[in-house]
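Visitor: Below are the sequence and a predicted model; questions follow.
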Amino acid sequence: MTNPKHCRTMKTTKFLLITLFTGTSLWAAPEKHWPAWRGPDGSGASDGGSYPTKLNGTENLIWKSPLPGKGCSTPVVWGERILLTCPVNGEDAVLGYDWEGEKLWQTTLGKERKGKHRNGSGSNPSVVTDGDLLFALFKSGNFGGLDFKGKVRWKTNLSGYGKDSLYWDFGTSPILTEKYVIVALMREKNSWLIAFDKASGKVAWKVERNYETPREGDHSYATPILIEHEGKEAILVWGAERLTTHSAKDGSILWISSGFNPKKKNNWVVVGSHVVAGEVAIVPYGRGSHIAGIRLGGKGDVTESHRLWTRSDSGSFVPTPAVANGKVYVLRDRGEVHCIDPKTGKSHWEEAFPKASSSYYGSPTIAGNKLYAPREDGVILVADISDGFRFLAENDMGERVIASPVPVMNRLLVRGEKHLFCLGE
């Protein structure tokens, strides 16, 4: 009888050998890292590579590994390691896998605080890594730095920064600067931007970020973005109806853009994150009813001078847009897809996936000129976007999928509610 693991190893070895020959007519070996929730550059997109159109529990399946609990974070990858957060027996944990789907280690950081939304969990934030250490944050406030063998270098709990008053499950992922790991806590009257030393976990600086807003307007689930401002690292933060840029050195505000809720509507909470396309920040807001383009740069209040465009006929509430080839791809909550020019805000095209009763909670991923859109019911829809929009497939993974697909080395990682899938042609 053939050993399944042996076959899987042979497939993996053959694949790695092929990708080493970058001079062949196949394709250049794609980047081997996906170190954060939205990838190496925060775009949610990967250049090149060949990724499957048909995917489910059997078709194009290389392996699937059972997960010990329900988590909604997106896996990250650094070389030979796949990393994700997940509850284990009531504890917050970080798990390390290899490319054969074998779990190498699991490390707990403290008691889990469970999710309360059907599409949420206590493990919503994704791991982030610089290839030396990895950092994990949880709804409970448990936060730690680990090495690639799963050893805890330091850990702390962020509950001392105030009550988590978010209506739903905390989902903001940490990000990295050259020196620090940055965490944004954005909730009612106790919002903070905090920089921790990577090696020790000691607080390097912290700044309050509190603004008066209508009800729930100061709640934000968005993840900050690292940008460059006048040749230096800066942190772009979206929440409390303000887009702010902070110095990575000390957290001080460099510029601020507001005016996102002129009619002062209640419950305009931020769920989907902003993205950057070139020199423009793309900001979805208004519970999926609006989207705006803000030119980066400037000093002080740039509300009037730097807003390039505003639309009230596009946007997304939960999914974060993706950026590829100088275009912004907005996956709306009911399956419409708008391809937008970031400089003008005008659509190159507007299409839609087939209608369904379920909504889109996971953010879209672009790989190999394909757009992958995970729907809450566990169906991943695929479209060719190389020249407009061409619907390709509707794939049922057999379990709910909230995390974003991760494309690395011609393999697509899909984190479901019960399994981690690895798929490839």
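Guide: Right, received. Where do you want to start? Residues are numbered from 1 along each chain as shown.
Visitor: dump the residue contacts of residue 201.
Guide: Going by C-beta atoms under 8 Å, 6 or more residues apart in numbering, residue 201 touches 143-145, 153-156. Where you see a C-beta, it was placed from the backbone N, CA and C, and this is true even at glycine.
Visitor: Turn those into JSON lines, columns for secondary structure.
Guide: Converted to JSON lines, these look like this (DSSP: H, G, I helix; E, B strand; the rest coil):
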{"residue": "143", "secondary structure": "strand"}
{"residue": "144", "secondary structure": "strand"}
{"residue": "145", "secondary structure": "strand"}
{"residue": "153", "secondary structure": "strand"}
{"residue": "154", "secondary structure": "strand"}
{"residue": "155", "secondary structure": "strand"}
{"residue": "156", "secondary structure": "strand"}
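Visitor: Could I get those in CSV, plus columns for distance to residue 57 and pLDDT?
Guide: What follows is these, written out as CSV (distance: C-beta to C-beta, whole Å; pLDDT from 0 to 100):
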residue, distance to residue 57, pLDDT
143, 34, 98
144, 33, 98
145, 35, 98
153, 37, 98
154, 39, 98
155, 36, 98
156, 39, 98
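Visitor: Could I have the buried ones of the residues you listed as PyMOL selection syntax?
Guide: Once 16 or more other C-beta atoms under 10 Å is used to decide burial, the buried members of the contacts of residue 201 can be selected in PyMOL as follows:
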select buried, resi 143+144+145+154+155+156
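Visitor: Put together TSV for the contacts of residue 201, with distance to residue 255 on each row.
Guide: Converted to TSV, these look like this (distance: C-beta to C-beta, whole Å):
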residue	distance to residue 255
143	28
144	32
145	30
153	35
154	33
155	34
156	30
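Visitor: Nearest to residue 360 among the contacts of residue 201?
Guide: Minimum distance to residue 360 across those is 28.9 Å, recorded for residue 143 (C-beta to C-beta).
Visitor: Show me what the closest one is bridged to.
Guide: The residues listed as beta-bridge partners of residue 143 by DSSP bridges are residue 137, residue 156.
Visitor: mind listing what it touches?
Guide: Under the criterion of C-beta under 8 Å, 6+ apart, the contact partners of residue 143 comprise 109, 135-137, 155-158, 174, 183, 196, 201.
Visitor: Return the members of those classed as buried.
Guide: Among the contacts of residue 143, those that count as buried by neighbour count (16+ other C-beta under 10 Å) are 109, 135-137, 155-156, 158, 174, 183, 196, 201.
Visitor: show me what contacts residue 318?
Guide: Residue 318 is in contact with 271-272, 288, 333, 359-361, counting by C-beta under 8 Å, 6+ apart.
Visitor: So which of those are in helices?
Guide: Helix and strand membership here follows DSSP state H; of those, not one is in helices.
Visitor: from the residues you listed, which single one is nearest residue 311?
Guide: Taking C-beta to C-beta as the measure, residue 311 sits nearest to residue 288 out of those, at 11.7 Å.
Visitor: Check the gap between that closest one and residue 255 for me.
Guide: 26 Å (C-beta to C-beta, to the nearest Å).
Visitor: coming back round to it: can the contacts of residue 318 go into CSV with extra columns for distance to residue 178 and neighbour count?
Guide: Rendered in CSV, the data for the contacts of residue 318 read as follows (distance: C-beta to C-beta, whole Å; neighbours: other C-beta atoms under 10 Å):
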residue, distance to residue 178, neighbour count
271, 29, 21
272, 27, 26
288, 35, 19
333, 36, 18
359, 38, 16
360, 35, 26
361, 33, 24
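Visitor: for those, which one is nearest residue 63?
Guide: Of all these, the one with the least separation from residue 63 (C-beta to C-beta) is residue 361, at 25.1 Å.
Visitor: Next one: that closest one, what pLDDT does it get?
Guide: Looking at residue 361, its pLDDT is 95.
Visitor: my read: it touches residue 319, true?
Guide: Yes: with contacts defined as C-beta atoms under 8 Å, residue 361 counts as touching residue 319 at a distance of 7.1 Å.
Visitor: okay, and the common contacts of those two?
Guide: With contacts defined as C-beta under 8 Å, 6+ apart, no residue is adjacent to both residue 361 and residue 319.
Visitor: Show me what the residue nearest to residue 248 when sequence neighbours are not counted is bridged to.
Guide: Excluding the flanking residues, the one nearest residue 248 by C-beta to C-beta, 6 or more residues apart in numbering is residue 233, at 3.7 Å. For residue 233, the beta-bridge assignment (DSSP bridges) gives partners residue 228.
Visitor: Please give me every residue in contact with residue 233.
Guide: In this structure, residue 233 makes contact with 177-178, 226-227, 247-249, judged by C-beta under 8 Å, 6+ apart.
Visitor: ok, now residue 53?
Guide: If you count contacts by C-beta under 8 Å, 6+ apart, residue 53 has them with 370, 382, 392-393.
Visitor: Can I take it that residue 159 is in a strand?
Guide: No: secondary structure of residue 159 (three-state DSSP): helix, not part of a strand.
Visitor: who touches it in this structure?
Guide: The neighbourhood of residue 159, defined by C-beta under 8 Å, 6+ apart, consists of 140-141.
Visitor: now do 10 Å
Guide: For residue 159, the contacting residues are 113, 140-142, by C-beta atoms under 10 Å, 6 or more residues apart in numbering.
Visitor: top of these by neighbour count?
Guide: Note: the member of the contacts of residue 159 with the most neighbours is residue 142, at 24 neighbours, neighbours being other C-beta atoms under 10 Å.
Visitor: coming back round to it: wait, which of the contacts of residue 201 is closest to residue 410?
Guide: The closest of these to residue 410 turns out to be residue 145 (C-beta to C-beta; 30.8 Å).
Visitor: Quick one: list the elements packing against the helix or strand harbouring residue 339.
Guide: Secondary structure here is read from DSSP states H and E; on that basis residue 339 sits in strand 336-340. In terms of contacts (3 or more C-beta pairs under 10 Å, 6 or more residues apart in numbering; DSSP states H and E), strand 336-340 is packed against strand 290-295, strand 307-311, strand 327-331, strand 347-352, strand 370-374.
Visitor: Name the strands paired with the fourth one and say parallel or antiparallel.
Guide: To tie it back to what came earlier, the one meant is strand 347-352. Strand 347-352 has its sheet partners listed here by DSSP bridges as strand 336-340 (antiparallel).
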